[in-house]
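Student: From the sequence below, what's the structure:
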Amino acid sequence: MNINGISNASFLDEAATSLQNHDNVAQTMTIIVAELHRERSACSMEDWKQFATVTCRQHPLLELLHQDPFTYRAFSKPRGYAGDAEMLDFIYASEDGLIPPVLERTSELGRQICHYTSNGDAPQAVRARRRIIIEKVNEVAASISKPHVLSLACGHLSEARHCSAFLEGRLGRYVAIDQDTESLEVVQRQVGALGVETVHASVRDVLKGQLALGNFDLIYVSGLHDYLSLRVAQRLSEILFGMLNPGGRLLINNYVPNIINAGYMEVYMDWWLIYRTEAELRQLADTLPSEQVARLHYFTEEQNIIAFLEVERKA
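Tutor: Numbering: from 1, shown residues only. Below you'll find the predicted structure:
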């Protein structure tokens, strides 16, 4: 059977039966993720959205998968968007040796699914992204005395708790911007006493040029560009680049296309991102004044799922 370009979706029935019986949950989840990836790759985006939002979400498998608090939080969006700071805490929990409190109120099936979803390829890439950011902050502190660092869309700024340059007092300023006041309250509680300056502002506020924050030796943005159009992302690059000191660096990142988790994220987490190839990520620096750009450096983390563009301003 083929409906709107989608092949036989009997795997939904089989997956639901397996999860109901608790039959090798991890293996079943691997099959679900792989089958959704295959279906997504084989049809038009219009047909995929129909399959994702109607066929899949009307199937009993949805209720089973939403026993996972990680999947359900993204889908329900209590703060208005999928990838909020609490979601990232789920991802960082295993690396930080923590257990999210909500898991104590979760079914056994939900806990098993959560272990799978919060430790898949994409979450591993997010943890790698945090390690790269920590390395970059430590690098700039090793080369410049008391550097000024800015984190835009900072979330809970969890990298600060693992950054030796910050914890040892080797940063001059550490400014954290986010539109979510709840996230900034967490930052203040956890690391405010160590000197982090929190700023409540949206991307729109930054784009309007209404924030007088001074200049920085490193500006990094985590997970924001996955939601920005080309035009908006380029304008943001222009403004942030203009806030760099001579020799300063801007670090941005984006998910690459065709990651295997994308189908699951879109169907069951209602988490739709803008994915970018290397050429498309490099485009975000196309409108910068070329005579002021010393270097563009493109690289990916170890999973090759999140790509980075580091833009260095001439000294």
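
Student: Surely R127 touches F90?
Tutor: No - look at R127 against F90 with C-beta atoms under 8 Å: they stay out of range, at 11.2 Å. Heads up, the C-betas are built off the backbone N, CA and C, glycines and all.

Student: ok, these two, which is more surrounded?
Tutor: F90 (24 against 18; other C-beta atoms under 10 Å).

Student: domains of the protein?
Tutor: 11-120, 123-257+273-313 (automatic domain parsing).

Student: Which neighbours in the sheet does the longest strand belonging to the chain have, and how are they oriented?
Tutor: Using DSSP state E to define each element, the chain has its longest strand at strand 244-255. Using DSSP bridges, the strands paired with strand 244-255 are strand 216-221 (parallel), strand 306-313 (antiparallel).

Student: Tabulate the domains of the chain (TSV), appending distance to V267 and mean pLDDT.
Tutor: Below are those laid out as TSV (distance: least, C-beta to C-beta, whole Å; pLDDT from 0 to 100):
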stretch	distance to V267	mean pLDDT
domain 11-120	4	95
domain 123-257+273-313	13	97
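
Student: so which of the ones you listed comes closest to G263?
Tutor: Among the domains of the chain, domain 11-120 comes nearest to G263, with 3.1 Å by C-beta to C-beta.

Student: Go ahead and confirm N138 touches C163.
Tutor: Yes - between N138 and C163 there is a contact at 6.5 Å, judged by C-beta under 8 Å.

Student: Give me the more crowded residue out of these two.
Tutor: The residue with more neighbours, out of N138 and C163, is C163; 24 against 17, by other C-beta under 10 Å.

Student: Can you give me the distance of the nearest residue to L167 once chain neighbours are set aside to R57?
Tutor: Excluding its sequence neighbours, the residue lying closest to L167 (C-beta to C-beta, 6 or more residues apart in numbering) is L194, at 7.2 Å. Computed as C-beta to C-beta, to the nearest Å, the L194 to R57 distance reads 44 Å.

Student: ranges for the strands of the stretch 151-300 of the chain?
Tutor: 173-178, 196-200, 216-221, 244-255, 293-300 (DSSP state E, counting those that start in this stretch).

Student: Give me the buried stretch members for stretch 38-46, please.
Tutor: Under the neighbour-count criterion of 16 or more other C-beta atoms under 10 Å, stretch 38-46 has E39, R40, C43 buried.

Student: and which of the residues you listed is nearest to V311?
Tutor: R40 (31.8 Å).

Student: which residues sit in contact with that closest one?
Tutor: W48, A52, A262, G263, E266 (C-beta atoms under 8 Å, 6 or more residues apart in numbering).

Student: cool, and E14?
Tutor: I31.

Student: For it, give me phi and psi.
Tutor: For E14, the backbone dihedrals (degrees, to the nearest 10) come out as phi -60, psi -40.

Student: that older thread, determine how far the longest strand of the chain lies from the middle of the whole chain.
Tutor: Remark: strand 244-255 is offset 17 Å from the chain centroid, using C-alpha atoms, centre = their mean, to the nearest Å.

Student: cool, stretch 28-41 as well?
Tutor: 21 Å.
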